[in-house]
Structure formats: C-alpha cells, structure tokens
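Undergrad: Model the following, please.
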Amino acid sequence: MFDLKDRKGFVTRPRNVAARRDYNRIEIEGQDPNVVESKLAELEALGDQAFRRIIAARSIEDRDDFSFVHVLIARIAISNPAFRDQRDQIISQVGSMMMRNMVATPEQWDAVTGQMGPELGGDPIPYEQARTAVEGGSIVANATKETLIEQEILLWPLILPTLEQRKWTLLIAPPGSAGFITSDRPFSLQWNDETMNRGPYGVGLGCTDTTLIFPISHNLAVIGSFEHGGGANVVDESIVAAVNFALFQAAMRQVYASADFPITDVGKVVRPFSQSEVWRRVRERSADPS
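TA: Numbering: from 1, shown residues only. This next block holds a predicted model:
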C-alpha cells in the first residue's frame with residue numbers, strides 16, 4: 001500500500017485498509033442499524049462469485065456476470081466518502097442560506113413562524129435570539145447520514161444505463177507482470193481530449209468522448225467508452241503502466257497493488273513505481289498543501 005498523504009509505502013493485508021467502519025450504519029428508531037449493510041452483503045456475495053468467474057475465464061462475455069462489474073462501479077461512484085462529504089456540504093450550504101433568509105428581517109421571521117402550526121409545539125423563538133443563533137453558528141444545517149445513504153440507494157440504478165451503454169474492452173496483463181493497481185477510488189474517468197482534463201469542465205459517467213478504466217483483478221482491467229471498444233487483448237507492459245498511471249491519478253489517498261507495479265513515469269518512461277520520479281515527488285513534497 002502506498003499512502004499519498006503520509007508519503008510512505010508498506011505491506012499489509014487488504015482488510016486492514018480500504019474500509020471505513022460503520023459507513024452505512026443507520027440510526028432509525030425501530031430499524032436494525034445494520035439493515036443497509038446486510039442487504040448490500042447479499043448482493044456483494046453474488047458479485048463475488050461473478051468476479052471469480054470473470055477472473056477464471058479471463059473474459060467479460062458473460063453479460064450476467066459482467067453486469068456485476070457495472071453494479072460495483074456505480075456503487076463506488078456514488079457511495080464513496082468524498083462524494084458523500086461533497087453532497088453533505090452542498091445540503092449544508094443551501095440550508096444555511098435558507099436559514100439566513102428566514103432571519104433576514106423581523107417581518108420575514110414573523111412570516112416563517114406564522115406558518116408553523118401548534119403541532120410543532122411551544123412559542124416561536126424571538127427574532128433576535130433566532131438571528132443570533134443562525135449568524136453565530138449555533139444552528140447549523142446538515143443532512144443526516146440516513147438521508148445521504150438514501151440518496152445513494154436511489155441514484156444507484158439510474159447510473160447503470162450509462163455504464164451498460166459503453167463499449168468495453170478487457171485488458172489482460174502479460175505473463176510475469178505485476179499487473180494493475182487499484183485505490184480508494186478504484187476507477188479512472190477522463191475526457192479523451194487531454195486539454196479538457198485540464199479545463200474547468202468536470203467529467204460525468206454519461207459524458208461522451210470519455211474513457212473509464214476499472215481494474216477487475218491484478219491482471220485484468222476493463223476500459224470503456226461510448227464510441228469504440230470490445231473484445232479482449234493481452235497488452236504489453238507499457239499499456240499496463242499507462243493504465244496504472246491513470247488509476248494512480250484518480251486515487252484520493254491510498255494506492256493498492258499486489259507487488260511493486262509498473263507506471264508511466266516522467267518522460268513517458270516505464271519504471272517500477274517505488275523507483276519512479278512520481279513517487280519521489282510525492283514523498284518529498286511539503287506537508288503543507290499550499
């Protein structure tokens with residue numbers, strides 16, 4: 001495992017990394033806190049068997065098995081810590097704007113409290129007290145964890161058609177290769193036009209003229225686009241290195257590999273990652289991101 005924040009690499013078991021405890025645990029009265037995790041586990045058990053068959057056959061021709069690859073990519077795309085935090089921040093910002101608007105004037109606050117029926121209980125908070133609480137940060141708008149999980153469950157099936165419509169090619173690492181890496185954000189999605197990747201426009205799963213790369217195992221990866229693709233190819237080490245570089249760029253903090261892996265280094269030279277200029281720069285950069 002290579003940690004891009006702590007700037008160090010070490011060997012460990014997969015179960016010790018790439019996991020967040022109680023990530024989908026809920027707190028709803030009368031509900032099992034682990035109900036979401038339990039339901040996901042049922043699907044993951046089926047997916048595990050599908051992945052095993054794909055890896056053994058070195059083929060993605062079985063549509064039913066390959067559908068679990070789509071399911072996993074979609075799940076990772078919407079239910080990851082970075083995207084969950086981003087949605088929480090957006091909801092918080094919108095909620096804070098609404099609260100500031102409620103206490104903008106005494107008249108506005110009277111209009112808001114006037115719409116509250118007696119079923120909400122008690123007398124309304126005085127205007128000055130409400131305004132002080134909002135402006136002082138005593139009242140903060142946040143989405144509940146349960147709301148964010150519900151959003152992810154509802155979005156999940158909506159993403160699948162955009163993945164099914166892509167044309168997928170299976171890449172097979174050559175014999176003796178250390179193979180493909182993965183990370184805490186285990187897919188790469190980029191514009192085909194490199195200048196677009198440096199521009200202001202974000203890339204989405206449904207955007208045309210984009211390429212999505214996803215590692216299935218240390219010696220199998222798939223690459224999909226809307227315009228072209230298909231079949232399976234045993235690739236050389238330069239392709240493995242290029243795929244690894246794209247996956248490395250997509251990582252949030254941690255990169256995982258079964259061994260020291262090849263990467264396209266500075267100057268487009270293929271080198272082992274531990275000996276690369278890329279890793280040297282990561283290790284030597286300042287702890288202060290500014």
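Undergrad: Show me the shaky parts of the stretch 101-250 of the chain.
TA: 116-123 (pLDDT under 70).
Undergrad: which residues in it form helices?
TA: 106-114, 127-135, 145-164, 194-197, 237-250 (DSSP state H, counting those that start in this stretch).
Undergrad: where along this structure do the strands fall?
TA: For the chain, strands defined by DSSP state E occupy the ranges 2-3, 8-9, 167-172, 182-183, 188-191, 210-217, 220-225, 232-234, 254-256, 262-264, 270-272.
Undergrad: tell me the contacts of Leu102?
TA: Leu isn't right for residue 102; it's Met. 108-109, 112, 130, 134 (Cβ atoms under 8 Å, 6 or more residues apart in numbering). The way it works is simple: take the backbone N, C-alpha and C, and place the C-beta from them, glycine included.
Undergrad: Just name the closest of the residues you listed to Thr210, please.
TA: Distances from the contacts of Met102 to Thr210 were compared by Cβ to Cβ; the smallest belongs to Val134, at 41.8 Å.
Undergrad: thinking that closest one is in contact with Asn101, fair?
TA: No: using Cβ atoms under 8 Å, Val134 is not in contact with Asn101; the gap is 9.8 Å.
Undergrad: These two: which is more packed in?
TA: Val134 (20 against 12; other Cβ atoms under 10 Å).
Undergrad: Could you check how far the more buried one is from Glu27?
TA: Going from Val134 to Glu27 by Cβ to Cβ, to the nearest Å gives 26 Å.
Undergrad: just the helices of the stretch 101-250 of the chain: most buried one?
TA: helix 237-250 (a mean of 20; mean count of other Cβ atoms under 10 Å).
Undergrad: which helices and strands sit right next to that helix?
TA: strand 167-172, strand 182-183, strand 188-191, strand 210-217, strand 262-264, strand 270-272 (3 or more Cβ pairs under 8 Å, 6 or more residues apart in numbering; DSSP states H and E).
Undergrad: Other residues contacting it?
TA: Contact with helix 237-250 is made by 171, 173-174, 177, 179-183, 185-190, 213, 215, 221, 223, 255, 261-264, 270, 273, 278, as judged by Cβ under 8 Å, 6+ apart.
Undergrad: before we move on, back to that, Ile54: which of the contacts of Met102 is nearest?
TA: Distances from Ile54 to these, taken by Cβ to Cβ, are shortest for Val134, at 53.3 Å.
Undergrad: contacting residues around that closest one?
TA: Contacts of Val134 were listed using Cβ under 8 Å, 6+ apart, and they are 99-100, 102-103.
Undergrad: 10 Å instead?
TA: Contacts for Val134 (Cβ atoms under 10 Å, 6 or more residues apart in numbering) come out as 96, 99-104, 109, 140-141.
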